[in-house]
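Trainee: sequence first, then the predicted structure:
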Amino acid sequence: MARPQSQKRQRSVDSTSGDHQCKRRKLCVHHRHHHHRPNFPPQFWDNLSKVWLTPRALRELDRRNCIAPPPKPAITEAVYSKDLVQFASQGGPDLRHLRGWQDPMSNTMTSNPTAKSYKHPRCICVTGEGHGDEKIPRSSAYDSDFEQHLKDHGIFMQLKSKGPTNYAEIRARIERRRPSLSPSLITESVLESFQSKNEDKSEASIVTKVIPFLSGGTDIPFEVNLRLSNLEPLTHGTTVPPMPDYLEGTQTRHIPQQIMDDLNKVIMPSSYGNVLAIPNFFVEIKSHSGSLDVTSRQICYDGAYGARAMHSLQNYNRKQPVYDNSAYTFSAAYYGGLLRLFAHYPTAPVTPGGQPEYYMTRITSIDTTGEVEDLIRGATAFRNLRELAKEFRDNLVEAADARAAPVNAPTCQGGSANINEVATMSVSVETEEGPQNVNQAPAAIGSGGSSANLAKTVDADKTSRKRSRQRENSLADSTEDHGQSEV
């Protein structure tokens, strides 16, 4: 018995596609309002030399697909033929042999999804219960696309073949023994207590419990979770500013005001008062549930800003920039007890008029939760490295102060310079010896190293400025005597 055909009118393809487009718009609006996640601006993605498949990249693709206009159907022009009109006037074709034939569109319509369950393939919208934040983990901003972004702007994570020129000095310094970390003081009970502190899953707890032991005290100014929002971006401002878990620098009252004003956007991490400046020691911390790759990218990002600050201070009031390939900025990545120490340094631009490139080199890697000897080695290296960073800061500040122009000296016209080019500013003051080369390539640690060279440079700058003042005073006295004799 033949099944009676349904009298319900079937939807046409055109009406269904219209419903699909309407549903597509609703899904995209739902996606924007209920599943919006913070992301980088479109310029970030447009300028990437290579886009990696990351959650943030997919969200950006989803966003662009949702706001893209739907494709317009192709419009075919109607074609009228005189023969067709004449054929139709005679009754048209005989279609009696098609009676009872099943409509081929019925199978197509039953296999197509209805408007209720349809989702446009170009709009991949996230759905879930509630706001979706409970089931979908947030993706870090420091993903593979962020690393590619750093490479495109001359900030590299990979190790350079030779590393900084003062690498041997740094290695020797971090291994220097400390009486406060002798085996008689660091016992098994101290190790067990330290291991228990590393079991916390909260990064804030690790900062407050682990860092004080590794640092051995708070004699050096530090900040915790400080967003470096005042610094001029190294990557054109299309990504998040650095926010280290821990950083050390110099108190602003110990820095001459003229240097603070000239290098404000390079050495002052925040515009708030009483905040340290010239940060050149950073720490990023992750618990066992964190990502080691994310920590490495954060450290690379932080260290580049610190290396630029130290380099601008090194070249303050110089006619020609100095690139000695020495590292004066350091960082530590702490991941579930694994302590990795890095050195950061700039290199000269590869093209004329280009920007410096920034590299980081791993100094050592120590599992501080292993044995007592490992904990002693890790804490010793950490404390020695932060003290070395402080010495470099103090020496460079003193040398820059010796080269600073007098307060009543004429200033450069034309407003402030581009911060990214501050390292190449030519506002030097001539002395008898000419521009002094601060931080020459260090010799072996036994012969003084770069720290000794810094001290010698400071003394040379002071002597040079003293001679210049004496020569100016003598010239002024002789001019006055000559004028009196003429009278």
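Mentor: Looks like it came in fine.
Trainee: would you mark the buried spots in the helix or strand hosting residue 301?
Mentor: Residue 301 is located in helix 292-314, with elements delineated by DSSP states H and E. Going by neighbour count (16 or more other Cβ atoms under 10 Å), the buried part of helix 292-314 is 294-314. No exception for glycine: its C-beta is placed from N, CA and C like everyone else's.
Trainee: average pLDDT for that helix?
Mentor: Helix 292-314 shows a mean pLDDT of 95.
Trainee: which other helices and strands contact it?
Mentor: helix 144-152, strand 155-156, helix 264-267, strand 277-286, strand 329-335, strand 338-347, strand 357-367, helix 372-403 (3 or more Cβ pairs under 8 Å, 6 or more residues apart in numbering; DSSP states H and E).
Trainee: of the ones you listed, which is nearest residue 204?
Mentor: Taking Cβ to Cβ, strand 277-286 is the member of the helices and strands packed on helix 292-314 nearest to residue 204, at 9.0 Å.
Trainee: residue 377 reaches residue 366, doesn't it?
Mentor: Yes. With contact defined as Cβ atoms under 8 Å, residue 377 and residue 366 form a contacting pair (5.4 Å).
Trainee: can you point out the buried residues in stretch 266-286?
Mentor: 266-270, 275-286.
Trainee: now do the end-to-end distance for it.
Mentor: 27 Å (Cα to Cα, to the nearest Å).
Trainee: repeat that for stretch 190-204.
Mentor: Start-to-end span of stretch 190-204 (Cα to Cα) is 21 Å.
Trainee: what residues does that stretch touch?
Mentor: Under the contact criterion Cβ atoms under 8 Å, 6 or more residues apart in numbering, stretch 190-204 has outside partners 205-206, 209-210, 213, 245, 285-290, 336-337, 368-369, 371-372, 375.
Trainee: could you list the low-pLDDT ranges of the stretch 151-300 of the chain?
Mentor: For the stretch 151-300 of the chain, applying pLDDT under 70 flags the ranges 159-161, 218.
Trainee: hmm, 90 instead?
Mentor: Residues of the stretch 151-300 of the chain that meet the criterion pLDDT under 90 lie in 157-163, 197-207, 216-219, 235-241, 271-275, 286-293.
Trainee: now the helices for it?
Mentor: Taking DSSP state H, counting those that start in this stretch as the criterion, the stretch 151-300 of the chain carries its helices at 167-174, 188-197, 203-215, 257-262, 264-267, 292-314.
Trainee: tilt between the longest one and strand 357-367?
Mentor: Right, helix 292-314. 130 degrees (axes from the mean of the first three to the mean of the last three Cα atoms, to 10 degrees).
Trainee: what are the C-alpha coordinates of helix 292-314, in CSV please?
Mentor: This file holds the C-alpha atoms of helix 292-314, laid out as CSV (Å, rounded to 0.1, in the frame of the first residue of the first chain):
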residue,chain,number,x,y,z
LEU,A,292,57.5,25.8,32.2
ASP,A,293,57.2,27.2,28.6
VAL,A,294,55.0,30.1,29.9
THR,A,295,57.6,30.9,32.6
SER,A,296,60.4,31.0,30.0
ARG,A,297,58.5,33.4,27.8
GLN,A,298,57.7,35.6,30.7
ILE,A,299,61.3,35.7,31.8
CYS,A,300,62.5,36.5,28.3
TYR,A,301,60.0,39.3,28.1
ASP,A,302,60.9,40.8,31.5
GLY,A,303,64.6,40.5,30.9
ALA,A,304,64.4,42.4,27.6
TYR,A,305,63.0,45.4,29.4
GLY,A,306,65.6,45.2,32.1
ALA,A,307,68.4,44.9,29.5
ARG,A,308,67.1,48.0,27.7
ALA,A,309,67.0,50.0,30.9
MET,A,310,70.6,49.1,31.8
HIS,A,311,71.8,49.7,28.2
SER,A,312,70.2,53.2,28.2
LEU,A,313,71.9,54.0,31.5
GLN,A,314,75.2,52.7,30.1
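Trainee: sorry, back to before: just so I know, which of the helices of the stretch 151-300 of the chain lies nearest residue 331?
Mentor: helix 292-314 (4.7 Å).
Trainee: what's the domain layout of this protein?
Mentor: As assigned by automatic domain parsing, the chain contains the domains 14-68+113-128, 147-403.
Trainee: winner for burial among those domains?
Mentor: Greatest average neighbour count among those goes to domain 147-403 (a mean of 19), per mean count of other Cβ atoms under 10 Å.
Trainee: so how far is the first residue of that domain from its last?
Mentor: Span of domain 147-403 from end to end, Cα to Cα: 37 Å.
Trainee: next one: stretch 243-261
Mentor: Taking Cα to Cα, stretch 243-261 runs 23 Å from one end to the other.
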